[in-house]
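Q: Next come a sequence and a model predicted from it.
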Amino acid sequence: QVQLVESGGGLVQAGGSLRLSCAASGRTFSNYVMAWFRQAPGKEREFVAVISWSGGRTYYEDSVKDRFAISRDNAKNTVYLQMNSLKLEDTAVYYCAGKTSRGIYYLPKTSDEYDYWGQGTQVTVSS
């Protein structure tokens, strides 16, 4: 079992930045591919970014590709999401998720592929 706890959310003005963290405990963190998803009010949960177990490969949803950066520190059992140039439409609850890796090319992008989830952290972007 893996426990995931997100932090770093908050209220920020459009154009600003936030850095989300997701701390993992339980089994060996480096065995897991990690991702961020988000869910806005009235909408389905959507994929944001994913990072391979080693950190060597990443993939982003198109709308965040040039603004967000996912990274991980396996020594600290933590995955990060640096969010820059935030827009109103980035407002959502952000969740980190984990899944046992199947190799360096394994980068799942749908929520039903993930086994472990955090409780979420609210990000609100104001005008």
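A: Now that the structure is in, tell me what you want to look at.
Q: ok, and the closest non-adjacent residue to the residue most central in space within the chain?
A: The C-alpha lying nearest the average C-alpha coordinate of the chain belongs to Trp36 (C-alpha atoms, centre = their mean; 2.1 Å). Closest residue to Trp36 apart from its sequence neighbours, by C-beta to C-beta, 6 or more residues apart in numbering: Val48 at 4.3 Å. Glycine gets a C-beta too; all of them are placed from N, C-alpha and C.
Q: Point me to the helix or strand that includes that neighbour.
A: strand 46-51 (DSSP states H and E).
Q: CA atoms only: put that strand into CSV for me.
A: Written as CSV, here are the backbone C-alpha positions of strand 46-51 (Å, rounded to 0.1, in the frame of the first residue of the first chain):
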residue,chain,number,x,y,z
GLU,A,46,-8.6,15.0,-16.1
PHE,A,47,-4.9,14.1,-16.7
VAL,A,48,-2.3,16.8,-16.2
ALA,A,49,1.2,15.3,-16.2
VAL,A,50,3.0,12.0,-15.6
ILE,A,51,6.6,11.1,-14.8
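Q: Can you name the helix or strand that Trp53 falls in?
A: Going by DSSP H and E, Trp53 is not part of any helix or strand.
Q: end to end, how far does stretch 73-93 reach?
A: Stretch 73-93 has an end-to-end distance of 23 Å (criterion: C-alpha to C-alpha, to the nearest Å).
Q: Next, the buried residues of it.
A: Within stretch 73-93, the residues that count as buried by 16 or more other C-beta atoms under 10 Å are 74, 77-81, 83, 86, 90-93.
Q: Now intersect the residues you listed with the strands, please.
A: Taking DSSP state E as the definition of strands, the buried residues of stretch 73-93 contribute 78-81, 83, 92-93.
Q: Adding distance to Asp115 and pLDDT, write these out as a markdown table.
A: Formatted as a markdown table, those follow (distance: C-beta to C-beta, whole Å; pLDDT from 0 to 100):
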| residue | distance to Asp115 | pLDDT |
| --- | --- | --- |
| Thr78 | 18 | 96 |
| Val79 | 15 | 98 |
| Tyr80 | 21 | 98 |
| Leu81 | 19 | 98 |
| Met83 | 25 | 98 |
| Ala92 | 22 | 98 |
| Val93 | 19 | 98 |
